[in-house]
Every structure is written in structure tokens, then in C-alpha cells.
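In: coordinates only, sequence not included:
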Ligand code: 5GP
Ligand code: ZN
């Protein structure tokens, strides 16, 4: 997938609409179109990096910013105290379907472990 064809790059440019909940200079947070929990928000870097591993290698500070923004999203939805989960699916075998790194922020219902 090229950057030009990347769905989440198109959300960054506004070519594909999304319900944005938070934005920083380098990141964007928007609600997942198919939510799996009352809070289900995706936090992405505006720059295109395919996976968390690629991002960690290239720009560790930006990865840290994703985590800070994920916490701010949870606080904004009032689930920081009850608890939330941050998931980075990595590779198609783990269910990654969009190869622009994204943190899933999930909360607002009982989140057991292991997930089910
Ligand atoms: P993955 O499976 O790659 O970890 O997660 C991709 C996520 O993107 C899925 O949870 C899916 O529901 C979400 N998604 C796919 N297309 C769109 C879209 O056009 N808009 C939004 N907001 N979310 C999307
Ligand atoms: Zn992209």
C-alpha cells in the first residue's frame, strides 16, 4: 500500500471523513467506525509508518506521544480511572488490516484478560 492509497493518510488530509476527538501537531485521534467497546478510538501519527515496530525504530518520541495521546483520549471519555486497553495489531496474522500504525484505545466496559 502506498502512502497515496493509505486510508488513514486520507483521514489525516480530510479526503476521508472521520469523527475526530483529539488532535496534536503530529497525531490524530478519531472514533473507530466499527466500535468494539463504548470507547473505541484510533490514535495515529500524521506521518505514515506501517507498524509500531517501524515507528519505534524511526521515531521513538512520536511513539511516546501516541501513548500520551491515548491516555488523554481515555481521560476525555472518562475511562482513565475505570481502565482502558491500548492495542497495536501488528501484521495480518494478528488482524492488522490498515498498514498505517494505529493505537486502538478501548474502554468503558469490563475488559477481561485474556480478551474475548
Ligand atoms: P486493524 O484491524 O488494522 O488493527 O484496525 C483497523 C481499524 O480501522 C478497525 O477497527 C476498523 O473498524 C477501523 N476502520 C476501518 N476503516 C475505517 C474508516 O474508514 N474510518 C474509521 N473511523 N475507522 C475505520
Ligand atoms: Zn498512511
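Out: Nice, thanks for sending it over. Since we're looking at a predicted model, the values are computed, not measured. Ligands and ions are numbered 1, 2, ... in the order given.

In: pLDDT weak spots in this structure?
Out: Within the chain, the stretches with pLDDT under 70 are 1-2, 116.

In: show residues contacting the top strand by length along it.
Out: Counting residues, the longest strand found in the chain (DSSP state E) is strand 39-45. Identification of contacts with strand 39-45 by CB atoms under 8 Å, 6 or more residues apart in numbering yields 8, 11-12, 21-22, 26-32, 55, 59, 62, 65-66, 69-70, 73-74, 77, 79, 84, 100-108. (Each C-beta comes from the backbone N, C-alpha and C, glycine too.)

In: go back to those and keep what's next to ligand 2.
Out: 8, 100 (CB under 5 Å from the ion).

In: which among the contacts of strand 39-45 end up buried?
Out: 8, 11-12, 21, 27-32, 55, 59, 62, 65-66, 69-70, 73-74, 77, 79, 84, 100-108 (16 or more other CB atoms under 10 Å).

In: over to residue 76: give its phi and psi.
Out: phi -60, psi -30 (degrees, to the nearest 10).

In: what sits against it?
Out: 21, 22.

In: sorry, back to before: narrow the buried ones among the contacts of strand 39-45 to those in strands?
Out: Those of the buried ones among the contacts of strand 39-45 lying in strands (DSSP E): 21, 27, 28, 29, 30, 31, 84, 103, 104, 105, 106, 107.

In: and those as a markdown table, adding distance to residue 39?
Out: Supplementary listing: these in a markdown table, determined by distance: CB to CB, whole Å:
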| residue | distance to residue 39 |
| --- | --- |
| 21 | 9 |
| 27 | 17 |
| 28 | 16 |
| 29 | 11 |
| 30 | 12 |
| 31 | 9 |
| 84 | 7 |
| 103 | 12 |
| 104 | 10 |
| 105 | 7 |
| 106 | 7 |
| 107 | 4 |
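
In: of those, which is the nearest to residue 91?
Out: residue 104 (14.9 Å; CB to CB).

In: please tell me how far that closest one sits from residue 15.
Out: Going from residue 104 to residue 15 by CB to CB, to the nearest Å gives 22 Å.
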